[in-house]
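**Student:** quick check, what structure comes out for this input:
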Amino acid sequence: MDSKKTGRDRGDGATRNALLQKIAVDFPGNSTSSQQVRMWAAMQRAGSITTTEARLHLEVMHPAMRVLELRRKGVKIEKVWALEPSEAGRTLHRQARYVLLPHQGGAIAPELIALLLLAMVAGLLLLGVIA
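**Tutor:** The predicted structure follows:
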């Protein structure tokens, strides 16, 4: 896989972590909709997102709920169980990895477009770009 396309790391996690941190900066805020947008963007840009990554890099404390909310809006998301390092990184734990299913009609659901726009406007307001 092309690391520039999927955000996969080069073995040290640098590329993937930087991508996830950029998503957190691009879509700031702690509202439910902001967290949903960050989860969706991570699945789009990085190919997938784990529970630990969502908490650590995206500041989404309840990733499973955000995924459930996105599913209710029509986003097709697959949950794959995987052994992944914990936040401390010492041992492997069984945790969810969320992946967008391909070929979802080729369009973004209107509700998701609204969420993206809302998050972008909120980010611009927070940064003082618009008044």
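
**Student:** does residue 30 belong to a helix, a strand or coil?
**Tutor:** Per DSSP: H, G, I helix; E, B strand; the rest coil, the secondary structure class of residue 30 is coil.

**Student:** which one is it nearest to, not counting chain neighbours?
**Tutor:** residue 59 (6.9 Å; C-beta to C-beta, 6 or more residues apart in numbering). Every C-beta, even on glycine, is put in place using the N, C-alpha and C of the backbone.

**Student:** please point out which parts of the helix or strand where residue 34 lies sit buried.
**Tutor:** Counting by DSSP states H and E, the element that carries residue 34 is helix 32-46. Applying a neighbour-count criterion of 16 or more other C-beta atoms under 10 Å, one finds 33-43, 45-46 buried in helix 32-46.

**Student:** what's the burial count for the residue nearest to residue 30?
**Tutor:** Here the number of neighbours of residue 59 (other C-beta atoms under 10 Å) works out to 14.

**Student:** for residue 32, give me its contacts.
**Tutor:** By C-beta atoms under 8 Å, 6 or more residues apart in numbering, the residues touching residue 32 are 66, 69.

**Student:** cool, residue 84 as well?
**Tutor:** 50, 52, 92-93, 95, 97.

**Student:** what do you get if the cut-off is 6 Å, keeping everything else the same?
**Tutor:** 50, 95 (C-beta atoms under 6 Å, 6 or more residues apart in numbering).
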